[in-house]
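In: Give me a model of this one.
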Amino acid sequence: MTLPDPAATPAGADRTFQVDLRGLVDLLSHHLYSSPRVYLRELLQNAVDALTARHGLEPAAPADAFGISLYADGSVVRVEDDGVGLTEADVHTFLATIGRSSKRADRIAEQRGDFIGQFGIGLLSCFLVADEIHVLSRSARTPDAGVVEWRGRGDGSYTVRTLPASARPRPGTTVTLTPRADAGEWTRPVQVHALARHFGSLLRHPVIFDDGTGGPGVSVNPEPAPWARTYPTPGARSRGLAAYGEEVFGFTPLDTIELDLPAVGLKGIACVLPEAVPAGRRHGHRVHVKGMLLSEQAEEILPEWAFFVRCVVDAESLRPTASRESLYEDDTLAAVRDALAERLRAWIARAAASDPDLLARFLQAHHLAVKSLAVHDDEILRMLLPWLPFETTDGHTTLDEFARTHRTVLVTSSVEEFRQVAAIASAAGLGVVNGGYTYDRELVHRLPEIRSEASVADLDPATLTAHLDPVDRETELAAVAYLALARDALAVFDCDVALRTFQPASAPALLVDSREARHERTRSQIAREQEGGLWGDILGALRQEGPRAQLILNQLNPLVRTAVAIDEPELARTSAEALYGQAVLLSRRPLRPAESSLINRSFLDLLAHALRKDS
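Out: Numbers count the residues shown, from 1 in each chain. Predicted coordinates:
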């Protein structure tokens, strides 16, 4: 079907949009734009695009020759620009893009590549807050053609007519909104001014706001972007950028990193957060396109590992999505992300080479981010691995310091394994690193790449038990009966029992376990539960002699010396179960139901025995 030509309608006659306007406004408000406040951004975008076109038409004009005036007094909102203006044919053309084929819209978008928005959609976004839009425009290309007036209404009708040149003496466009009564939240003077500052503080064209009270207009963007200003000294520049970062984000940056990618016309700063952030939590970044704020939560501008900074950038070549509230994922954005990541790496390298105090403060707050980067970046690994903090048997220390003390560095595979052995390993002089945290085990194993004299190995239970001193033969023989009862009591947990001496003497028992032993016990438990069934037969056939957990009793501990001398079999079994339960609790690993039951039962049995003894 052929659409009627709007230009063929008599001047001043009512026309209707070639789409369902109410449906389109509903689409804009519920599916495209995040808030009605974007109406002002769209008007400012249209004005900026008009100024861009005017400068293209008059390239010799000074940069501040043309500007934007914004007026709001509570009854109207008006945006006026000195831009290229529109002819009547332009108005019909831009409005006709709405609802037409995507191919035509794409062709227009290509022609408007230097602009931020698109006049038709941007103008209709004003229906989010107004029932009537009035446009008065005079073209700078054909100034003698008169002034075109366009008046659109929320019912889907609009009129277009040509007025004498005296209706607007200079080229440009004025858009006036008559707000709806329920739109006061977005159209009050103070709010309009705040929105103008929010969206347009980095615009390159002068924007003046007038609240209708008769006072002088206020500049919305009185200064250029902080990175575009002239500073007397490098120190003053650093302080100025940091002050801007604090104003925007509400924290004092640990440092600021200037970002400059001439290939895509991107400039800005990255503010290093002064405190650590939870792993995996990503902060949004403020992205401006040609000075206009696009998004405050643009996560896609940096890689995931860079969660230690928040950025403010202004770019020329990044492509906004249809809503102009986020960035379109394309090759340009991917290249920008990689280039900004390289800037962050270079900053870390400079800090490591020339500012150890800054590096120490940075690593104290953001070691997890650096560890995630070092796993995949050999350069960062070589520079920073010796300086990264790890949890060790010597406390929290750097690998560089730890490797000087311990020629062989042992690393656990989990946090619970480290907690099981830390005190005993430290007393035995073993150097153990907790490898249970994200990235730690992998990074510790790469230490020999940096320090060739260092040796790294996984902590094996046998390594630890080999450093525990055996008891004398007489003591061992005296404890044989008790150890046999203890092994029988703990057989259900596939746990062996041994008697050794080790420090600290305050530790009655040590549960030495391994991942393989835990897997074997889980499989055995399932086999017992499924005994007689097909699954139980299969698991039973798979079961083989493998590593078992070991409960190592400390002969230096007074409680253990008393326990091994018990001559009542039931009490001996109960004491062994209690020692096992206490060792499991100290390991801080999750309790299995059978272990919880054992701990409760052994406590009650010991309590009952104590009460019988006292009665």
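In: Next one, pLDDT for the residue nearest to Asp64 when sequence neighbours are not counted please.
Out: Once flanking residues are discounted, Asp64 sits nearest to Pro206: 5.6 Å by Cβ to Cβ, 6 or more residues apart in numbering. C-betas here are computed from N, CA, C, even on glycine. Pro206 carries a pLDDT value of 94.
In: so what's Pro206 up against?
Out: Shown in contact with Pro206 (Cβ atoms under 8 Å, 6 or more residues apart in numbering): Asp64, Gly67, Ile68, Ser219, Asn221.
In: For ChimeraX, write the selection for the buried entries among those residues.
Out: Buried residues within those, by 16 or more other Cβ atoms under 10 Å, are selected in ChimeraX with:
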select :67,68,221
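In: Now do the buried residues in whichever strand or helix holds Leu136.
Out: Element membership for Leu136 (DSSP states H and E) is strand 130-138. Across strand 130-138, burial judged by 16+ other Cβ under 10 Å covers Ala130, Asp131, Glu132, Ile133, His134, Val135, Leu136, Ser137, Arg138.
In: Quick one: residues in contact with the helix or strand that it is followed by.
Out: Following strand 130-138 in sequence order, the next helix or strand is strand 147-153 (DSSP H and E). Outside of strand 147-153, the residues within contact range by Cβ under 8 Å, 6+ apart are 17, 86-88, 90-91, 123-124, 127, 131-139, 158-165, 167-168.
In: Show me what the helix or strand just after strand 147-153 packs onto, helices and strands only.
Out: On the C-terminal side of strand 147-153, the nearest following helix or strand under DSSP H and E is strand 157-163. If you count contacts as 3 or more Cβ pairs under 8 Å, 6 or more residues apart in numbering; DSSP states H and E, strand 157-163 packs onto strand 14-16, helix 88-96, strand 147-153.
In: Apply 10 Å and report the result again.
Out: The elements that strand 157-163 packs onto, with contact taken as 3 or more Cβ pairs under 10 Å, 6 or more residues apart in numbering; DSSP states H and E, are strand 14-16, helix 88-96, strand 130-138, strand 147-153.
In: quick one: the third one to strand 147-153, angle?
Out: Read it as strand 130-138. Per axes from the mean of the first three to the mean of the last three Cα atoms, to 10 degrees, the angle that strand 130-138 makes with strand 147-153 is 170 degrees.
In: mind listing what strand 130-138 pairs with, with the direction of each?
Out: Here strand 130-138 is paired, per DSSP bridges, with strand 147-153 (antiparallel), strand 172-179 (antiparallel).
In: Using a markdown table, please lay out those strands together with mean pLDDT and mean neighbour count.
Out: Listed next are the strands paired with strand 130-138 as a markdown table, based on pLDDT from 0 to 100; neighbours: other Cβ atoms under 10 Å:
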| stretch | mean pLDDT | mean neighbour count |
| --- | --- | --- |
| strand 147-153 | 88 | 22 |
| strand 172-179 | 94 | 22 |
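In: Ok, which of the ones you listed comes nearest Val409?
Out: Among those, strand 172-179 comes nearest to Val409, with 69.0 Å by Cβ to Cβ.
In: Restricting to C-alpha, output that closest one in PDB.
Out: What follows is strand 172-179, C-alpha atoms only, in PDB (Å, rounded to 0.1, in the frame of the first residue of the first chain):
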ATOM      1  CA  GLY A 172      17.700  27.700  14.100                       C
ATOM      2  CA  THR A 173      15.000  25.800  15.800                       C
ATOM      3  CA  THR A 174      12.800  26.300  18.800                       C
ATOM      4  CA  VAL A 175      10.900  23.400  20.400                       C
ATOM      5  CA  THR A 176       8.300  24.200  23.000                       C
ATOM      6  CA  LEU A 177       6.500  21.700  25.200                       C
ATOM      7  CA  THR A 178       3.300  22.100  27.100                       C
ATOM      8  CA  PRO A 179       3.700  19.600  29.900                       C
END
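In: distance between that strand and the chain's centre?
Out: 40 Å (Cα atoms, centre = their mean, to the nearest Å).
In: Which element is encountered next along the chain beyond it?
Out: helix 184-187.
In: So which of the helices and strands packed on strand 157-163 is nearest Thr393?
Out: Taking the helices and strands packed on strand 157-163 one by one with Cβ to Cβ, strand 130-138 is closest: 69.5 Å.
In: Let's test this: mean pLDDT of that closest one, rounded?
Out: The pLDDT scores in strand 130-138 average 91.
In: Now stretch 254-261: buried residues?
Out: Leu254, Asp255, Thr256, Ile257, Leu259, Leu261.
In: so the last one bridges to which residues?
Out: In other words, Leu261. Bridge pairing for Leu261 (DSSP bridges) gives the partners Leu266.
In: now the angle between strand 157-163 and the strand holding Leu136, please.
Out: Strand 130-138 runs at 20 degrees relative to strand 157-163, counting by the same axes, to 10 degrees.
In: any weak-confidence spans in the chain?
Out: By pLDDT under 70, the low-scoring segments of the chain are 1-34, 94-122, 278-282, 322-324, 514-547, 614-615.
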